[in-house]
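*Asks:* give me the fold of what follows.
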Amino acid sequence: MQQEATQNRDLDMRRFMNQLARYFQILDDYQNLVSQYTSQRGFCQDLDEGKPSFLFIRACHDLEDSTVLTEWLNILYSRARSPVEAKRYILARIEESGSLEDTRDLLALLLQALEGMLRDMESVTGHENWILRSMMVQLQVKQNRPLQKEITFAEVLRVWSGY
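*Replies:* Residues are numbered from 1 along each chain as shown. Model prediction:
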């Protein structure tokens with residue numbers, strides 16, 4: 001893109017784009033667990049993919065006993081698909097760890113940094129970039145749905161006993 005630019009060819013946007021990619025990946029992980037986004041991809045589909053997200057890693061680190069979470073990873077590595085009850089239980093443990101709130105805070109900080117970088121780029125170019133500004137508004141964390149906490153550990157063990 002930079003080579004094709006007709007103006008501001010020396011404007012280096014790599015730092016901004018790297019920060020935007022980081023923000024988007026964490027936002028995607030977060031939305032997969034807590035938003036209506038799940039209707040497009042399936043309930044907590046990231047938990048089935050066996051790729052620990054930022055939220056999951058944070059929860060493992062912050063929970064006093066993360067045995068259930070690490071055991072869940074072992075089940076996923078066997079390529080078993082997680083039952084909805086198990087995913088609800090894992091989601092409740094992630095919430096219990098404070099990982100959801102920490103992630104919302106991190107996303108707010110990353111977005112603030114992106115806005116600062118965008119202001120800096122706009123001051124160099126002398127023009128407001130309304131397209132990037134509009135995109136950043138769309139990427140803000142939306143109000144999340146209440147989590148379903150009715151799943152107990154006993155119910156999860158019953159479901160997982162088949163693995």
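*Asks:* what about Gly42, how many residues close to it?
*Replies:* Other residues near Gly42 come to 13 when the count uses other C-beta atoms under 10 Å. Placement of C-beta: from N, CA and C, glycine included.
*Asks:* in which helix or strand does the spatially most central residue of the chain reside?
*Replies:* Nearest residue to the geometric centre of the chain (C-alpha atoms, centre = their mean): Asp29, 2.5 Å. In this structure, Asp29 sits in helix 14-34 according to DSSP states H and E.
*Asks:* please tell me how far Thr67 sits from Leu33.
*Replies:* 20 Å (C-beta to C-beta, to the nearest Å).
*Asks:* neighbour count winner among those two?
*Replies:* Taking neighbours as other C-beta under 10 Å, Thr67 and Leu33 compare with Leu33 leading, 26 against 10.
*Asks:* isn't the more buried one right next to Ser99, touching?
*Replies:* No: using C-beta atoms under 8 Å, Leu33 is not in contact with Ser99; the gap is 9.2 Å.
*Asks:* between these two, which contacts overlap?
*Replies:* Shared contacts of Leu33 and Ser99 (C-beta atoms under 8 Å, 6 or more residues apart in numbering): Leu55.
*Asks:* if we can go back for a sec, restricting to C-alpha, output the helix holding Asp29 in PDB.
*Replies:* Output in PDB follows, covering the C-alpha atoms of helix 14-34 (Å, rounded to 0.1, in the frame of the first residue of the first chain):
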ATOM      1  CA  ARG A  14       3.200  -0.400  10.600                       C
ATOM      2  CA  ARG A  15       2.900   0.400  14.300                       C
ATOM      3  CA  PHE A  16      -0.700   1.400  13.900                       C
ATOM      4  CA  MET A  17      -1.600  -1.700  11.900                       C
ATOM      5  CA  ASN A  18       0.200  -4.000  14.300                       C
ATOM      6  CA  GLN A  19      -1.700  -2.500  17.200                       C
ATOM      7  CA  LEU A  20      -5.000  -2.700  15.200                       C
ATOM      8  CA  ALA A  21      -4.300  -6.400  14.500                       C
ATOM      9  CA  ARG A  22      -3.600  -7.100  18.200                       C
ATOM     10  CA  TYR A  23      -6.800  -5.200  19.200                       C
ATOM     11  CA  PHE A  24      -8.900  -7.100  16.600                       C
ATOM     12  CA  GLN A  25      -7.700 -10.500  17.600                       C
ATOM     13  CA  ILE A  26      -8.400  -9.900  21.300                       C
ATOM     14  CA  LEU A  27     -11.700  -8.400  20.400                       C
ATOM     15  CA  ASP A  28     -12.600 -11.400  18.300                       C
ATOM     16  CA  ASP A  29     -11.700 -13.800  21.200                       C
ATOM     17  CA  TYR A  30     -13.800 -11.700  23.600                       C
ATOM     18  CA  GLN A  31     -16.800 -11.400  21.300                       C
ATOM     19  CA  ASN A  32     -16.800 -15.200  20.700                       C
ATOM     20  CA  LEU A  33     -17.400 -15.700  24.400                       C
ATOM     21  CA  VAL A  34     -19.800 -12.900  25.300                       C
END
